[in-house]
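*Asks:* Attaching a predicted model along with its sequence, questions to come.
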Amino acid sequence: MMPVLLWTDALIFLLLTVVAGFAFYARRHEHLRAPWRQVLHSRQGSLTLVALAAFLLIGLLDSVHFRLALPASNATATTQYSSEVTSLLDALASGLRERDEKTYSAPFATHLYAKETVQRADGSQARDYPRLKFGGAHLADPARDRLPDILGLIALSIGQALVLWLVLVLGLAVLRSWHRALPLRAMPGDMLGGRAGKHWPVLLLGICIVIMLTALAINLSAHYHIFGTDKVGQDVFYQTLKSVRTGLLIGTLTTFVMLPFAVMLGISAGYFRGWVDDAIQYLYTTLNSIPGVLLIAAAILMLQVYMGNHPELFETAAARADLRLLFLCIILGVTSWTGLCRLLRGETLKLRELEYIQASVAFGVGHLKVITRHVLPNVMHIVLITVVLDFSGLVLAEAVLSYVGVGVDPSMNSWGNMINSARMEMAREPMVWWPLLAAFSFMFVLVLAANLFADVVRDAFDPRLRKAA
């Protein structure tokens with residue numbers, strides 16, 4: 001295979017490096033370590049962190065790309081590689097990716113969703129629901145065997161998940177016992193009973209749920225289409241998993257594009273005031289006067305014209321789709337920093353009048369040091385809560401942009417494209433509802449977990465709440 005590094009892949013790994021560097025830095029500074037310790041030791045924070053980690057793992061598996069080598073015609077021929085770019089997630093879910101049906105089929109169905117003319121054994125023709133090629137193909141009599149088979153697979157998955165979870169709990173108990181130099185015998189009971197910390201039972205419950213859902217997905221998807229199939233027979237569950245990376249990229253990359261603009265300009269406007277404040281206000285007021293959807297549409301259309309005029313710059317279709325996704329993140333970031341900038345400006349105007357900041361300026365402390373040591377820590381809770389709320393809004397905005405045709409590339413899996421396709425399927429008879437349900441369910445869990453995690457982080461980093469506690 002030949003490794004492929006897309007632009008968004010490079011940015012994801014760069015972002016992970018930055019996060020790892022910040023974690024290493026925060027461990028050595030108690031004023032940063034204490035709030036994050038409070039987050040991890042809270043029940044809500046530990047549970048939502050497990051959910052977000054599961055989505056992040058799926059996104060990372062889908063960010064390791066490569067091209068497979070084509071079969072060589074002779075021993076001396078140069079190795080040729082496929083034009084299709086696949087990911088590690090594609091390799092792990094190859095069964096879902098390759099088991100395509102003819103057209104629509106409902107979740108856990110064994111027959112197509114609509115009647116067709118079929119050939120009977122006696123040579124006659126009739127209108128009936130044809131049998132699926134893969135969904136429930138191992139069943140001799142689907143009407144009789146399907147429900148017991150599904151229940152058996154569920155029981156098998158629960159058993160496997162519990163065994164794996166118990167092994168994981170034992171491993172965590174051994175690690176905790178070694179780290180704290182405590183007896184191993186009482187450690188699992190202390191963790192499950194909450195005596196080792198109130199967050200441990202919730203954390204272990206969240207891990208158990210994730211492991212159980214993973215086992216259910218692996219065992220059931222090996223024999224059935226969990227969320228059915230779409231118009232061309234592709235597995236909807238596979239499309240939903242592939243859309244996780246797109247949702248995470250839209251939320252994270254766009255957020256980190258807008259964050260420097262919002263923080264730097266917002267604090268500068270409120271701290272320096274005068275002509276600096278007037279110039280920054282003029283900038284974001286002018287940008288807000290332009291409808292965001294029109295600005296995004298114009299930018300995407302210009303990019304499409306550029307890619308159409310320079311096809312030689314893109315070796316694969318995945319590279320084209322990736323550049324459009326990256327450009328969409330940049331445009332969304334450029335157009336979405338004004339709200340946070342306005343909030344930070346107002347908060348900084350209030351903070352700069354407080355006695356300790358006035359005293360720092362009177363003693364000759366530099367403006368940069370005052371901003372970094374006094375202003376920035378006191379507005380960080382606003383930054384964090386706004387960033388996570390914007391993440392949720394951006395994940396939802398991608399669906400709207402894809403609906404109007406200026407979102408991600410149509411060939412790229414995303415929840416927005418799934419919802420856009422589902423709007424036509426909802427109008428047919430019989431109604432096809434499962435693609436919309438699959439996209440909405442995953443999007444709802446991701447957005448809910450992000451918002452709940454943001455509440456915990458806000459409470460931990462707000463100096464006034466810490467003082468009150």
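*Replies:* Nice, I can see it. Numbers count the residues shown, from 1 in each chain.
*Asks:* Count the neighbours of residue 287 for me.
*Replies:* Using other Cβ atoms under 10 Å, residue 287 is surrounded by 16 other residues. In this view, the C-beta of every residue, glycine as well, is placed from N, C-alpha and C.
*Asks:* ok but residue 435 is inside a helix, no?
*Replies:* Yes: counting by DSSP: H, G, I helix; E, B strand; the rest coil, residue 435 falls inside a helix.
*Asks:* contacting residues for it?
*Replies:* Counting by Cβ atoms under 8 Å, 6 or more residues apart in numbering, residue 435 touches 227-228, 230, 236, 239, 418-419, 421-422, 425.
*Asks:* helices or strands up against the longest helix anywhere in the chain?
*Replies:* The residue-count maximum for a helix in the chain (DSSP state H) belongs to helix 142-180. The helices and strands touching helix 142-180, judged by 3 or more Cβ pairs under 8 Å, 6 or more residues apart in numbering; DSSP states H and E, are helix 187-193, helix 199-221.
*Asks:* among the ones you listed, which is nearest residue 86?
*Replies:* Closest approach to residue 86 among the helices and strands packed on helix 142-180 (Cβ to Cβ): helix 199-221, 18.1 Å.
*Asks:* what angle sits between that closest one and helix 142-180?
*Replies:* Going by axes from the mean of the first three to the mean of the last three Cα atoms, to 10 degrees, helix 199-221 is angled at 150 degrees with respect to helix 142-180.
*Asks:* buried residues in the helix or strand following helix 199-221?
*Replies:* Per DSSP states H and E, the first helix or strand lying C-terminal to helix 199-221 is helix 236-272. Neighbour-count burial for helix 236-272, counted by 16 or more other Cβ atoms under 10 Å, picks out 236-259, 261-263, 265-271.
*Asks:* in this structure, which ranges drop under the pLDDT threshold?
*Replies:* 72-77, 403, 462-469 (pLDDT under 70).
*Asks:* again, only using 50
*Replies:* Regions of the chain meeting the criterion pLDDT under 50 cover residues 467-469.
*Asks:* Which element, helix or strand, includes the residue lying farthest from the centre of it?
*Replies:* Computed with Cα atoms, centre = their mean, the residue of the chain farthest from its C-alpha average is residue 122, at 52.3 Å. Under the criterion of DSSP H and E, residue 122 resides outside all helices and strands.
*Asks:* sorry, back to before: for the contacts of residue 435, work out which two are farthest apart.
*Replies:* Pairwise over the contacts of residue 435, using Cβ to Cβ, the maximum falls at 228 and 419, 15.5 Å.
*Asks:* Comparing those two, which shows the higher neighbour count?
*Replies:* Shown here are residue 228 and residue 419; by other Cβ under 10 Å, residue 228 has more neighbours (24 against 19).
*Asks:* for the more buried one, what are its contacts?
*Replies:* 104-107, 109, 113, 236, 432, 434-435.
*Asks:* Now with 7 Å, please.
*Replies:* 105-107, 109, 236, 434 (Cβ atoms under 7 Å, 6 or more residues apart in numbering).
*Asks:* Most neighbours among those residues, please name it.
*Replies:* residue 105 (29 neighbours).
*Asks:* these two touch, right, that one and residue 112?
*Replies:* Yes: under the criterion of Cβ atoms under 7 Å, residue 105 makes contact with residue 112 at 5.5 Å.
*Asks:* Mutual contacts of the two, please.
*Replies:* Taking Cβ under 7 Å, 6+ apart as the criterion, residue 105 and residue 112 both touch residue 132.
*Asks:* Out of the contacts of residue 435, which comes closest to residue 364?
*Replies:* Residue 364 has its nearest neighbour among the contacts of residue 435 in residue 419, at 57.4 Å by Cβ to Cβ.
*Asks:* distance of the closest one from residue 101?
*Replies:* Per Cβ to Cβ, to the nearest Å, residue 419 is found 21 Å from residue 101.
*Asks:* Point me to the helix or strand that includes the closest residue to residue 369 other than its chain neighbours.
*Replies:* With sequence-adjacent residues excluded and distances taken as Cβ to Cβ, 6 or more residues apart in numbering, residue 369 is closest to residue 360, at 8.0 Å. Per DSSP H and E, residue 360 falls inside helix 355-362.
*Asks:* can you list contacts of that helix?
*Replies:* Here helix 355-362 makes contact (Cβ under 7 Å, 6+ apart) with 351, 370, 374.
*Asks:* Top of these by number of neighbours, please.
*Replies:* Within the contacts of helix 355-362, neighbour counts (other Cβ under 10 Å) peak at residue 351, which reaches 21 neighbours.
*Asks:* any idea how far it is from residue 268?
*Replies:* According to Cβ to Cβ, residue 351 and residue 268 sit 13 Å apart.
*Asks:* what's residue 149 in contact with, if anything?
*Replies:* Residue 149 neighbours (Cβ under 7 Å, 6+ apart): residue 139.
*Asks:* coming back round to it: any chance of CSV for the contacts of residue 435, columns distance to residue 442?
*Replies:* Formatted as CSV, the contacts of residue 435 follow (distance: Cβ to Cβ, whole Å):
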residue, distance to residue 442
227, 10
228, 15
230, 15
236, 11
239, 10
418, 9
419, 11
421, 15
422, 13
425, 18
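*Asks:* of all these, which comes closest to residue 333?
*Replies:* Using Cβ to Cβ, the contacts of residue 435 come closest to residue 333 at residue 419, 22.6 Å.
*Asks:* Which segments of the protein make up each domain?
*Replies:* Taking automatic domain parsing as the reference, the chain has its domains at 2-65+238-468, 139-221.
*Asks:* Which of these sits closest to residue 80?
*Replies:* For residue 80, the closest of these is domain 2-65+238-468, at 10.1 Å, according to Cβ to Cβ.
*Asks:* Which parts of the stretch 1-150 of the chain are helices?
*Replies:* Here the stretch 1-150 of the chain has its helices, by DSSP state H, counting those that start in this stretch, at 7-27, 30-40, 43-61, 88-92, 94-98, 142-180.
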